[in-house]
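**Student:** structure here, sequence nowhere to be found:
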């Protein structure tokens, strides 16, 4: 059983959290979070990320800095702060939280595909992706992710999609699941290189010790996301048990 340490989220304001109705400063005791995650993973009908799948970019698509790619991007607000989401005609290719200016967030996106053609446009794929923050997950349409990565990275990212919403796994368990038992460190590197925040749930991976560990977009945000999902899934599980 994975034990959760006490967390203090005074510095993270959760905005419009589903199921709670107003802004709250969240402070959760380890026993409360642990019990909710445990229960959510025991319910057979728990929602998993089967709504998300990865479509690997071809070398022709991302060669020469992605010069053949046309990418739409959009800025939005989420329960965990500002977010930039980008897509090709095949699916979501980038999603990231940011705390500074929009120009800086766009610059980070351009680092992935420096020679692509960019347009600020809110398309249907981005809308569906952002619905994960505001809509009932079981009612959402399928989401395709169109991304580049090494074979090992893609294998790790695909494994992350199997972690149920409201649950967590460890770097060691992910390594074991992809048949690379001794590659926990390499798994950690691949997790940290994930270009799609939230949709590829790298925030659900913690240390074997039970510590939350680092997160590309901030450890405080990671803790808030795990707690938010556990709370939502706990409410859904209670409904199922009635």
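**Tutor:** Done, it's in. From a predicted model like this one, the values you see are computed outputs, not experimental measurements.
**Student:** which stretches of the protein form strands?
**Tutor:** 13-14, 24-25, 52-56, 70-78, 81-87, 92-98, 117-120, 143-147, 169-170, 205-206 (DSSP state E).
**Student:** weakest of those by average pLDDT?
**Tutor:** Mean pLDDT values for those show the minimum at strand 24-25, a mean of 34.
**Student:** the spatially closest residue to residue 52 that is not a sequence neighbour: neighbouring residues, count only.
**Tutor:** Excluding the flanking residues, the one nearest residue 52 by C-beta to C-beta, 6 or more residues apart in numbering is residue 143, at 4.8 Å. Heads up, the C-betas are built off the backbone N, CA and C, glycines and all. Around residue 143 there are 18 other residues, counting by other C-beta atoms under 10 Å.
**Student:** mind listing what residue 143 touches?
**Tutor:** Contacts for residue 143 (C-beta atoms under 8 Å, 6 or more residues apart in numbering) come out as 51, 52, 53, 91, 92, 125, 128, 129, 199.
**Student:** and the residues you listed as JSON lines, adding neighbour count and distance to residue 174?
**Tutor:** Output for those, formatted as JSON lines (neighbours: other C-beta atoms under 10 Å; distance: C-beta to C-beta, whole Å):
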{"residue": "51", "neighbour count": "18", "distance to residue 174": "20"}
{"residue": "52", "neighbour count": "23", "distance to residue 174": "17"}
{"residue": "53", "neighbour count": "13", "distance to residue 174": "18"}
{"residue": "91", "neighbour count": "22", "distance to residue 174": "23"}
{"residue": "92", "neighbour count": "25", "distance to residue 174": "22"}
{"residue": "125", "neighbour count": "23", "distance to residue 174": "27"}
{"residue": "128", "neighbour count": "19", "distance to residue 174": "26"}
{"residue": "129", "neighbour count": "26", "distance to residue 174": "23"}
{"residue": "199", "neighbour count": "23", "distance to residue 174": "17"}
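**Student:** please produce TSV containing those residues, extended by distance to residue 212.
**Tutor:** TSV is the format used below for the contacts of residue 143 (distance: C-beta to C-beta, whole Å):
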residue	distance to residue 212
51	25
52	23
53	27
91	29
92	25
125	30
128	28
129	24
199	20
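**Student:** between the residues you listed, which is nearest residue 190?
**Tutor:** residue 199 (15.8 Å; C-beta to C-beta).
**Student:** show me the contacts for the closest one.
**Tutor:** By C-beta under 8 Å, 6+ apart, the contact set of residue 199 is 49, 52, 92, 95, 129, 132, 143, 145.
**Student:** isn't residue 65 right next to residue 112, touching?
**Tutor:** No - taking contacts as C-beta atoms under 8 Å, residue 65 lies outside contact range of residue 112: 9.1 Å.
**Student:** select, out of the strands of the chain, the one closest to residue 191.
**Tutor:** Closest approach to residue 191 among the strands of the chain is made by strand 205-206 (5.5 Å; C-beta to C-beta).
**Student:** that closest one pairs with which strands?
**Tutor:** strand 169-170 (parallel) (DSSP bridges).
**Student:** still on that earlier bit, and the strands of the chain: which comes nearest residue 222?
**Tutor:** strand 205-206 (8.6 Å).
**Student:** other residues contacting that closest one?
**Tutor:** Contacts of strand 205-206 (C-beta under 8 Å, 6+ apart): 2, 160, 163, 168, 169, 170, 171, 174, 191, 212, 213, 226.
**Student:** do stretch 177-186 as well
**Tutor:** 152, 155, 156, 159, 162, 171, 172, 174, 175, 187.
**Student:** pull out the buried residues from that stretch.
**Tutor:** Neighbour-count burial for stretch 177-186, with 16 or more other C-beta atoms under 10 Å as criterion, is recorded at 177, 178, 183, 184.
**Student:** for those, which one is nearest residue 81?
**Tutor:** Nearest to residue 81 among the buried residues of stretch 177-186, with distances taken as C-beta to C-beta, is residue 184, at 29.1 Å.
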